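> sequence first, then the predicted structure, then my questions.
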Amino acid sequence: KTPAYGTGGTIHVVVNNQIGFTTSHPQEARSTLYCTEVAKLIQAPIFHVNANDPDAVLFVTRLALDYRLTFQNDVVIDLTCYRRQGHNEADEPMMTQPQMYQRIRELPTTRSLYAERLVAEGLLTADDAEEMRESYRASLEHGKVVVREFLRGSRTGYEAHWEQYLNARPDEYVQTQVPREQLVSLGERALHLPDGFTLQRGVVRVVEERRRMLNGEVPLDWGMAETLAYATLLHEGYAVRLSGQDSVRGTFAHRHAAYHDQNTFEIYTPLEHLFPGQPRFEVINSLLSELAVLGFEYGYATSMPRTLVIWEAQFGDFANGAQMVIDQFIASGYLKWGRLCQLTLFLPHGFEGQGPEHSSARLERFLQLCAELNMRVWVPTTPAQFVHLLRGQIKRRFRHPRMVMTPTGLLPHRLSKSDIDAFTAGALATVLPEADDLVADQVRR
């Protein structure tokens with residue numbers, strides 16, 4: 001229920017079957033009576049139901065759905081059940097769970113119990129039940145589909161359509177340059193503040209310097225370049241969502257996506273007010289859980305093809321806390337499930353004397369995860385390259401995740417700036433050439 005992470009209520013279904021092969025007793029798996037105790041944190045109702053009773057499961061499911069639709073709140077269904085074959089069909093659970101599996105093998109199956117109840121109530125005959133069983137088995141043996149695919153062919157307002165992004169070429173060219181007049185116009189709107197809005201004096205200097213950048217008096221820095229990238233994408237009809245710990249200001253005080261009035265405590269985000277009817281722009285200071293936040297953002301990105309979704313680690317190695325999402329979903333989701341995803345990760349990277357952590361984004365780890373175009377890894381060194389990279393990520397039909405080792409030491413570096421011409425005429429380059437006046441044999445570092 002934190003800001004920007006609500007769903008309007010989620011129905012959580014726990015298939016609660018004791019695995020007789022990995023954890024011998026529930027006490028070894030948790031410190032509470034029920035595995036769903038954690039849902040009390042958000043005051044969600046929890047329904048415990050015997051999964052051996054299909055009518056009870058149906059009743060509870062309808063009740064949970066009605067609750068969610070009425071109150072737009074989370075609700076949990078705890079299906080208390082068991083695994084008939086242990087961990088899997090090749091497992092022998094009697095090795096570690098002899099008593100439990102002696103009981104299980106004496107139990108009739110859920111199907112047979114339900115069939116007996118229907119026969120006893122006069123809704124079926126025993127012959128009818130046997131004929132249904134034989135017909136189902138015959139369908140399986142002939143390779144027929146026995147599960148109704150009730151969503152096939154449906155079209156709803158809540159459905160993401162990815163057809164135009166299928167079979168896209170990774171080397172497809174897209175226009176990432178922006179006309180100078182448009183760039184300056186959007187930049188001025190991105191610096192506009194309401195009348196009487198009082199800024200902190202350090203932020204006043206930032207805004208004034210950014211106006212000089214737009215006028216061509218000084219080169220553009222990383223913060224202004226990133227602002228222009230988002231403004232141009234919003235102008236072209238793409239939404240933007242950026243989340244992370246301290247992402248509104250920027251961990252290194254470089255972004256300033258929102259301003260704080262020093263007298264009224266009002267918060268104003270210029271990129272939300274560029275023009276009437278613009279696409280959605282969100283910048284979010286997220287809760288302090290990389291795993292939860294990145295999991296949410298991955299799901300968001302796979303559901304919103306026209307939104308540039310970005311997760312920013314406070315420091316690159318903070319991605320350690322979300323490594324499961326990176327390995328199991330971001331790096332593998334396309335091969336496992338055919339899920340396209342344009343999620344972009346900002347991983348601040350650089351060794352500036354802050355010790356063994358808060359330094360490395362583990363570039364080598366992401367390079368090891370790369371295979372078959374499942375993701376792209378970039379180390380941009382100029383603001384203009386950063387802009388072309390961001391614009392290309394959402395404008396290309398080739399939708400795969402992108403890992404960006406965003407610099408820390410280069411953010412204020414006087415040589416890591418870009419003239420405005422680099423945004424209007426440049427392009428994304430895999431390697432930037434050295435300056436023309438560089439004398440190679442005089443290079444010492």
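Perfect, I can see it now.
> quick one: the strands in the chain?
With DSSP state E as the definition, the chain shows strands at residue ranges 11-18, 46-50, 75-82, 239-244, 259-260, 267-268, 281-285, 307-312, 344-346, 376-378, 402-404.
> give me the buried positions along the last one.
Judged by neighbour count (16 or more other CB atoms under 10 Å), strand 402-404 contains these buried residues: 402-404. Yep, even glycine has a C-beta here, placed from its N, CA and C like the rest.
> give the partner strands of it in its sheet and their orientations.
In the sheet containing strand 402-404, its partner strands are strand 344-346 (parallel), strand 376-378 (parallel), by DSSP bridges.
> format these as TSV; extra columns: distance to G202, mean pLDDT and mean neighbour count.
Listed next are the strands paired with strand 402-404 as TSV, based on distance: least, CB to CB, whole Å; pLDDT from 0 to 100; neighbours: other CB atoms under 10 Å:
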stretch	distance to G202	mean pLDDT	mean neighbour count
strand 344-346	23	97	25
strand 376-378	30	95	17
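> want to throw the ones you listed into CSV with distance to A301?
Formatted as CSV, the entries for the strands paired with strand 402-404 read as follows, by distance: least, CB to CB, whole Å:
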stretch, distance to A301
strand 344-346, 8
strand 376-378, 15
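> quick one: which of those is nearest T80?
Closest to T80 of the strands paired with strand 402-404 is strand 344-346 (CB to CB; 38.7 Å).
> returning to what we had before: and of the strands paired with strand 402-404, who's closest to R306?
strand 344-346 (14.2 Å).
> any chance you could list what contacts the closest one?
When contacts are defined by CB atoms under 8 Å, 6 or more residues apart in numbering, strand 344-346 is touched by residues 244, 294, 308-313, 319, 326, 330, 390, 393, 401-404, 406.
> check stretch 276-283 too.
With CB under 8 Å, 6+ apart as the criterion, stretch 276-283 contacts 4, 230, 234-235, 237-243, 247-248, 257-258, 269, 271-272, 306-307.
> check stretch 56-65 too.
Residues contacting stretch 56-65 (CB under 8 Å, 6+ apart): 11, 45, 47, 49-51, 75-77, 79.
> do you know the pLDDT at S154?
Turning to S154, the model gives it a pLDDT of 61.
> now V49
Model confidence at V49, given as pLDDT, is 97.
> beta-bridge partners for C81, please?
Judged by DSSP bridges, the bridge partners of C81 are N17.
> separation between it and T61?
14 Å (CB to CB, to the nearest Å).
> low pLDDT regions in the stretch 101-250 of the chain?
Scanning the stretch 101-250 of the chain with the threshold set as pLDDT under 70 gives 150-156.
> on that earlier part again, out of the strands of the chain, which comes closest to A120?
Nearest to A120 among the strands of the chain is strand 46-50 (18.0 Å), distances taken as CB to CB.
> direction included, what does the closest one pair up with?
The sheet places strand 46-50 alongside strand 75-82 (parallel), with pairing taken from DSSP bridges.
> and the strand it pairs with, what's buried?
Judged by neighbour count using 16+ other CB under 10 Å, the buried positions of strand 75-82 are 75-79, 81-82.
> and these, which is closest to L415?
V76 (55.0 Å).
> that closest one contacts L41, doesn't it?
No - taking CB atoms under 8 Å as the contact criterion, V76 and L41 are not neighbours in contact, 11.3 Å apart.
> coming back round to it: can you redo the buried residues of strand 402-404 as a markdown table with pLDDT?
Putting these into a markdown table (pLDDT from 0 to 100) gives the following:
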| residue | pLDDT |
| --- | --- |
| R402 | 96 |
| M403 | 97 |
| V404 | 97 |
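> tell me if I'm right that W222 and P383 touch.
Yes - taking CB under 8 Å as the contact criterion, W222 and P383 are neighbours in contact, 4.9 Å apart.
> now do the shared contacts for the two.
Both W222 and P383 are in contact with S416, where contact means CB under 8 Å, 6+ apart.
> pull the longest helix from the protein.
With residue count as the measure and DSSP state H as the assignment, the chain has helix 54-71 as its longest helix.
> now that helix and strand 11-18, what's the angle there?
Counting by axes from the mean of the first three to the mean of the last three CA atoms, to 10 degrees, helix 54-71 lies at 150 degrees to strand 11-18.
> chain center to helix 54-71, what's the gap?
Its chain's C-alpha centre lies 28 Å from the corresponding centre of helix 54-71 when counted by CA atoms, centre = their mean, to the nearest Å.
> repeat that for stretch 114-121.
The chain centre lies 46 Å from the centre of stretch 114-121; the measure is CA atoms, centre = their mean.
> gap between R280 and E89?
When CB to CB is applied, the distance between R280 and E89 equals 47 Å.
> quick one: which of the two has more around it?
R280 (12 against 7; other CB atoms under 10 Å).
> okay, the more buried one: pLDDT?
On the pLDDT scale, R280 is placed at 97.
> over to the one 3 residues further on?
Listed pLDDT for V283 reads 96.
> now it: how far from R255?
Note on V283: its distance to R255, by CB to CB, is 8 Å.
> likewise for G295?
Taken as CB to CB, the span from G295 to R255 is 24 Å.
> neighbour count winner among the two?
For G295 against R255, the residue with the higher neighbour count under other CB under 10 Å is R255, and the figures read 22 against 18.
> excluding chain neighbours, what is closest to that one?
Beyond its immediate neighbours in the sequence, the residue positioned closest to R255 (CB to CB, 6 or more residues apart in numbering) is G223, lying 5.4 Å away.
> please apply the same query to R376.
When the adjacent residues along the chain are set aside, R376 lies closest to R402, with 4.9 Å between them (CB to CB, 6+ apart).
> residues contacting the one you found?
By CB under 8 Å, 6+ apart, the contact set of R402 is 342-345, 375-378, 389, 393.
> before we move on, the earlier item: next up, the contacts around the residue nearest to R255.
Residues touching G223, when contacts are defined by CB under 8 Å, 6+ apart, comprise 206, 210, 250, 254-256, 411.
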